[in-house]
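K.L.:
sequence and computational prediction follow.
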Amino acid sequence: MRPIIAHMYLKKRPIITHMYLKKDHETECALVVRLEVVKKTSMGFLSLITFLLFSFTPLSSSQFIGNNFLTNRKIFPKQQQITSYAVIFDAGSTGTRVHVFHFDQYLDLLRIGNNFDFYKKITPGLSAYADKPEEAAKSLIPLLEEAESVVPEELHHNTPVKLGATAGLRLLDGNAAERILEAVRDMLKNRSTLNVQPDAVAVIDGTQEGSYLWVAVNYLLGKLGKKFTKTVGVVDLGGGSVQMAYAVSRNTAKHAPQPPEGEEPYIKKLVLKGKEYDLYVHSYLRYGREASRAEILKVTHGSANPCILAGFDGTYTYSGAEYKAFAPISGSNFDECRKIVLEALKVNEACPHQNCSFGGIWDGGKGSGQKTLFATSSFYYLPTEVGIADPNKPNSKIHPVDLETEAKRACETKYEDAKFTYPLLAQERLPYVCLDITYQYTLFVDGFGLDPLQEITVASEIEYQDALVEAAWPLGTAIEAISSLPKFDPFMYFI
């Protein structure tokens, strides 16, 4: 075969390049490039360099020259894209949701159909099956089947599956939670073709939940890998607990106090996109949306409670316990309700630290990492249900003072009128609308010490590229799970 000869110049020194196609057993070809550099050395010799550039699939010489060489196109071997799915179960206090995510080798999300996040939800949550662990496990089968149908069958054995149980199971008495988790482990081992590791099913503590949410929100916003001052803080109001998480300075982390006995450390260290972060995170068990009602009703010991709408007389059930719920003759009252909420939050409890939130807990110092705050779960749902935020938008900006204004209005509403005043609010939540809004306002201002005029983004979803992804902790868990797989970037790990 006649070589193709081209004259090129590099730093004004002539280089004669010989290029020719060489067949190898009729199966593949190689483009051999020989660079003859005419350069006289001190010894008077010529140096000769020969390079083998690359291999490619068979092409005729005319095809190669016509399609590639003459048009200056580069030819590279086509590499198979490395991707992986992750299946995450969020077993919350009010229901269980399954999420399926798809990542490329660099931990960027890939689409599943038209979206970046596939999810389905069922009710009730696993904690509703406290005495029936096998029934709890069976309730997840429809979700498992949905998730497995999304993941290509040939990738099932490499797809990690995890179930994280949150506050609902953490509040169960005795060994009820562990019996449920064991039944779920057995179900997954016996029925699933996904990659089920020994630690796949567990109760995640509130600090893990808060950490994963912080990762998820900052990932979607494109903040990871940047200075901690460029990240956003997150606060999440679930059914059983509330979590606050934000990045702090190295100096703040170094001088962080010890938490109360039995509590997780205030600071978690993690690496994201090669950058180390010190994350303040704390979870307040029993202060989620549903759990807080029980705490507020406990304060009045079964007597009339000024947080309950006038005209309602009933009981509130949470975690197997019942609480009398009825208003004084005068009806609900914002100022009186607020006093009850402050007592339930224990805002005046002794605190040995300079900066405290409530219940004697250190608040992390409220530095730059908290100046921009995203609030999720019921912090989003309640404002949209009562008209403070637009229910047609996945996220909105509000201020604590907006909650105060609406709480005063709600507490003047009678139970029989509430369904007309708040048509988006579910029937079973109407008696507690004064309580719920007053609680959120008091939690922000007195619990977390935020300015009533501070701007807060309440969010259920965040825009990622040109689609929306749920702002929730399962995405953070999925990122950690995929980061540990071979051939994938170590995008995230805890230190």
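P.N.:
Thanks, I have it.

K.L.:
centre of the chain versus stretch 189-201, how much separation?
P.N.:
The chain centroid and the centroid of stretch 189-201 are separated by 22 Å under Cα atoms, centre = their mean, to the nearest Å.

K.L.:
cool, stretch 339-359 as well?
P.N.:
Offset of stretch 339-359 from its chain centre (Cα atoms, centre = their mean): 28 Å.

K.L.:
what residues does stretch 452-470 touch?
P.N.:
With Cβ atoms under 8 Å, 6 or more residues apart in numbering as the test, stretch 452-470 has contacts from 99, 109, 111, 114-117, 119, 217, 220-221, 372-376, 379-381, 383-384, 389, 394-401, 404, 444-445, 450, 471, 475. Glycine gets a C-beta too; all of them are placed from N, C-alpha and C.

K.L.:
mind exporting that stretch as PDB, just the C-alpha atoms?
P.N.:
Provided in PDB are the C-alpha atoms of stretch 452-470 (Å, rounded to 0.1, in the frame of the first residue of the first chain):
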ATOM      1  CA  PRO A 452     -38.800  37.400  60.800                       C
ATOM      2  CA  LEU A 453     -37.800  39.100  57.500                       C
ATOM      3  CA  GLN A 454     -35.200  36.600  56.400                       C
ATOM      4  CA  GLU A 455     -35.900  35.200  52.900                       C
ATOM      5  CA  ILE A 456     -36.400  31.500  52.800                       C
ATOM      6  CA  THR A 457     -36.900  29.400  49.700                       C
ATOM      7  CA  VAL A 458     -39.500  26.700  50.400                       C
ATOM      8  CA  ALA A 459     -39.000  23.900  47.900                       C
ATOM      9  CA  SER A 460     -40.400  20.500  46.900                       C
ATOM     10  CA  GLU A 461     -38.400  20.400  43.600                       C
ATOM     11  CA  ILE A 462     -35.300  22.200  42.200                       C
ATOM     12  CA  GLU A 463     -34.600  22.800  38.500                       C
ATOM     13  CA  TYR A 464     -31.700  20.700  37.200                       C
ATOM     14  CA  GLN A 465     -30.800  21.400  33.600                       C
ATOM     15  CA  ASP A 466     -34.200  21.800  32.100                       C
ATOM     16  CA  ALA A 467     -36.200  19.500  34.400                       C
ATOM     17  CA  LEU A 468     -37.300  19.300  38.000                       C
ATOM     18  CA  VAL A 469     -35.800  16.900  40.600                       C
ATOM     19  CA  GLU A 470     -37.300  16.400  44.100                       C
END
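
K.L.:
mind checking how far it is from the chain centre?
P.N.:
The answer for stretch 452-470 is 12 Å, by Cα atoms, centre = their mean.

K.L.:
show me where the stretch 51-200 of the chain has strands.
P.N.:
Using DSSP state E, counting those that start in this stretch, the strands assigned to the stretch 51-200 of the chain run over residues 83-91, 96-104, 118-122, 161-165.

K.L.:
just the ones of the contacts of stretch 452-470 in helices?
P.N.:
When DSSP state H is applied, the contacts of stretch 452-470 are split such that 217, 220, 379-381, 383-384, 400-401, 404, 475 fall in helices.

K.L.:
from V87, how far out is the residue nearest to the spatial centre of the chain?
P.N.:
With distances taken as Cα atoms, centre = their mean, W473 lies nearest the centre of the chain, 2.9 Å away. Taking Cβ to Cβ, to the nearest Å as the measure, W473 falls 15 Å from V87.

K.L.:
same check, this time on Y284
P.N.:
In terms of Cβ to Cβ, Y284 sits 29 Å off from V87.

K.L.:
where are the low-confidence patches of this structure?
P.N.:
1-80 (pLDDT under 70).

K.L.:
would you map out the domains in it?
P.N.:
4-69, 80-204, 214-464 (automatic domain parsing).

K.L.:
can you redo these as CSV with distance to S484 and mean neighbour count?
P.N.:
Converted to CSV, the domains of the chain look like this (distance: least, Cβ to Cβ, whole Å; neighbours: other Cβ atoms under 10 Å):
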stretch, distance to S484, mean neighbour count
domain 4-69, 33, 12
domain 80-204, 8, 18
domain 214-464, 13, 19
